[in-house]
Structure formats: structure tokens, C-alpha cells
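S.K.: the sequence and its predicted three-dimensional model are supplied below.
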Amino acid sequence: MNFIENAKVYVNEEIFYLLKENDPSPVLSQWIDEVIDRMDQSGAVVFSIGRLRLSLKDSRKLAHSIAKALHAGFLRKECPLDLEVEMDQLQRTEVLSDLFFRTLFPHHDGGHCSYLTPSCLDDPEWHPDFRVFSSEGYTTTHAHKLYQGIFIVDPGEALSVTTYYNWLEIVKDAYVYQTGQKPQTAAEVAQWLGKNIRYSLEQQPIHQNRYLTLGAALGSKRLCYHGVSLHYAHADLSQQEYQRFPELREIVKTCPCQECLYPSDRMMCHSLFESLGVSWTRFRKTYEMWVPNEQFDFVVGHNLKFLHGGYIGGKKRVIEPICFVVDFPDTEGYENWLKNIWSKMEVSKHESWMA
């Protein structure tokens, strides 16, 4: 297992009182700016509120104050000016009836309309409308989530680790694997991802999925990898999915690593092996980073540059989503912000499993 280094953010006495009083002090601004820089580099941070041993009410209030300070910090960091803080309803952990815990595959929050795309400044064939995969049937809000956060109301009775994956690196590695060459610019990889997304949107009347899947984003041409959203690990596929894609019954009998025990894991294993050249087991060892958290902690991560999941979450786990969103990602400010994300990709450095 790999842990994100320096993920823990401790709230000292001075910062605590500045947050409590909503004091826009330069000291607080500098603290927040340093946290944002750390998060953009590593993927996520966890504000260690639980160790303060406050009540639920006071812990939640502190998390909301941190979110307000982060919002101001994101705007200082040239995020789109229409960025807002979105506080969603409490979410309880859904666990399949025959299990005591659940593990979630890598995903973007609000994946029907929140996923990494090219900036229009890098890809002349891209249009902001392609950033909405579906406008119906979604489980979260319809806002475009740039950063996702969760306030841990109850961590539950299991391990309940939040996992993160550097999606920029994964997309770049898939590009290299499929093209056989290293990109000269980040825009090349962005355009390649854009073509994959457009292809899946074009095929949507056939595969009928409302979400962009990992396999689709990584360039798979097999529509079954576009048409099935793999959300839960250690699960079977639905009868409707088997009926729509009969080939799945053969696919999920085994997998490239020979270690996956459930149909959903085996399908993920096949999809990754086709598009990235690695099994689900190897993928986790290469890209998965752990962010442990405790009750009342506030976890915040980049929702486009990184994917996230959940490892062994118990039935009693309860979270409060606190995200940073825009209504629709089509402004000049958004395109500039997105281009800046891609520009930080180190195309000349390739220290992955392929090196």
C-alpha cells in the first residue's frame, strides 16, 4: 500500500481561531495557499479535525469555515471566478446484501458531467458541450465539480480508506502504451483523450451508458467497456448488462492477473489490460494512494486531475459532500484553468511502470 505523503493537515491554535472568527488574515491565506499547492501536487489532503475532539456540530462548523477559506484560496490560484461551494445531503454507505463492506472503483464525483477533458485552448475540435455525458439519471447534483470534499460524519466500522489515483499520469501512460511513443506536448495527450470521449458520446445510442467509463476514456473500442459503469468492486454485473452485452459472460469467467474473484473486478481487469497493458492488481500497486481519515476529518481532493475511490467502507459510514463547483464549464476562466492543469504534465519525464 502507498500513502499520500503529507496528506494530513493539522489545525493549530492560531489557525483554529482565525477560522472560527472567519478572519481573512494573511496568516490564514498563506496557510490555505500552501495546502492547495500540496493538494494539487499529491491529489488530496485531509484536514485533521477529528484529533481536536470537538462535537459534531463544532467539527462541521470548522469544516465549513475551512471550505470557505479554501474557496477564497482557489480564486487566488486562478480558478474560474464563478466557482462556488456546494454542500450536498448526507450520504450513507450502500453495501451489497451479502457483504459487510464495500470497495469503490476509481471514479470522478458527479461523473455524468464532471471528468477531465481537453481545454478548448489545446484542442480546436473540442466543445464544452462534450463535458456533459448525460443530463438525466444522475445520483449527485448537476454541477461540474472541480474539487471534491467529504466531511466524515461517521467513518463506519470498517477500514474506510479514501483512495486516489493520478488520472493525468494514467491517461499519459495509456497514450504511450497505445501509440508506442512518448508525447512531445501535453496537448497531444489532451487531444487523444478528447477523441476517446467524443467516440464514446457518438456511440452512446448503442452502449446506452450515462457515465463516461475508464475504459472509454482510455480508448477502448469494445462497447461493453463503454456501456457498463463499474462502481462497486467485489460485485456481479446486472442481468440487464449481461443481456445488453452477451460477451460479458465469457469475459468475466477469468482475468489477466488470475487473482480477481468477482465479475466486476475481472471486467475492470480486462478493460485496464486492453487500454493500459496492466491488470487491476498491477494498476492498484502502481497508481493507488491511500488517505486514511477518522471521524470529523475533512478530506478534499482534485476531482479532475485525480480519480478517487473507497477501500473497505463499512455500512455505518456517513459522509457530507462539500465540493467546489461551477454551473457549467464553458467560460474563458475555466478554459485557462484547465489548460494550466494540462501544462503541468511532465511529458519528458516518464517514471512509470513502462520506464
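M.R.: Yep, it's here.

S.K.: list phi and psi for the closest residue to Glu5 other than its chain neighbours.
M.R.: Leaving aside its sequence neighbours, Glu5 sits nearest to Ser42 (C-beta to C-beta, 6 or more residues apart in numbering; 6.7 Å). Bear in mind the C-beta positions are built from the backbone N, C-alpha and C, glycine included. Ser42 adopts backbone torsions of phi -100, psi -20, taken as degrees, to the nearest 10.

S.K.: just checking, Ser42 touches Ile4?
M.R.: Yes: distance between Ser42 and Ile4: 4.9 Å, which falls inside the contact criterion (C-beta atoms under 8 Å).

S.K.: count the neighbours of the nearest residue to Glu247 once chain neighbours are set aside for me.
M.R.: Of all residues not flanking Glu247 in the chain, Cys224 sits nearest, at 6.0 Å (C-beta to C-beta, 6+ apart). Residues lying near Cys224 (other C-beta atoms under 10 Å) number 21.

S.K.: report the contact partners of Cys224.
M.R.: By C-beta atoms under 8 Å, 6 or more residues apart in numbering, the contact list for Cys224 reads His207, Phe245, Glu247, Leu248, Ile251.

S.K.: what about 7 Å?
M.R.: Listed by C-beta atoms under 7 Å, 6 or more residues apart in numbering, the contact set of Cys224 reads Phe245, Glu247, Leu248.

S.K.: if we can go back for a sec, ok, Ser42 and Ile4, which is more surrounded?
M.R.: Set side by side, Ser42 and Ile4 show more neighbours around Ile4, with 22 against 19, by other C-beta under 10 Å.

S.K.: wait, that one touches Val291, no?
M.R.: Yes: Ile4 is within contact range of Val291, at 5.5 Å (criterion: C-beta atoms under 7 Å).

S.K.: need the residues touching each of the two.
M.R.: Ala44, Tyr164.

S.K.: what about Tyr17, distance to Asp23?
M.R.: Distance from Tyr17 to Asp23, counting by C-beta to C-beta, to the nearest Å: 8 Å.

S.K.: what's the offset of the strand ranked longest in the chain from the middle of its chain?
M.R.: Longest among the strand segments of the chain by residue count, using DSSP state E, is strand 144-154. Put simply, strand 144-154 sits 11 Å off its chain's centre (C-alpha atoms, centre = their mean, to the nearest Å).

S.K.: contacting residues around the closest residue to His234 other than its chain neighbours?
M.R.: Closest residue to His234 apart from its sequence neighbours, by C-beta to C-beta, 6+ apart: Tyr262 at 4.8 Å. Residues in contact with Tyr262 (C-beta under 7 Å, 6+ apart) are Ala233, His234, Ala235, Asp236.

S.K.: as TSV, these with pLDDT and secondary structure would be great.
M.R.: Compiled in TSV, the contacts of Tyr262 are given as follows (pLDDT from 0 to 100; DSSP: H, G, I helix; E, B strand; the rest coil):
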residue	pLDDT	secondary structure
Ala233	94	coil
His234	93	coil
Ala235	94	coil
Asp236	95	coil
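
S.K.: contacts only, for the residue nearest to Glu5.
M.R.: If you count contacts by C-beta under 7 Å, 6+ apart, Ser42 has them with Ile4, Glu5, Asn6, Ala7.

S.K.: pLDDT weak spots in this protein?
M.R.: Within the chain, the ranges that satisfy pLDDT under 70 run 97, 137-140, 346-355.

S.K.: helix, strand or coil for the most centrally placed residue in it?
M.R.: Nearest residue to the geometric centre of the chain (C-alpha atoms, centre = their mean): Leu307, 2.7 Å. Three-state call for Leu307 (DSSP: H, G, I helix; E, B strand; the rest coil): strand.

S.K.: distance of the spatially closest residue to it that is not a sequence neighbour from Glu288?
M.R.: Nearest residue to Leu307 in three dimensions, chain neighbours excluded: Pro106, at 3.8 Å (C-beta to C-beta, 6+ apart). Using C-beta to C-beta, one obtains 8 Å as the distance from Pro106 to Glu288.

S.K.: between these two, what contacts are shared?
M.R.: In contact with both Pro106 and Glu288: Tyr165, using C-beta under 7 Å, 6+ apart.

S.K.: wasn't Phe273 part of a helix?
M.R.: Yes: according to three-state DSSP, Phe273 belongs to a helix.

S.K.: ok, and the closest non-adjacent residue to it?
M.R.: Pro256 (4.4 Å).

S.K.: great, nothing more from me.
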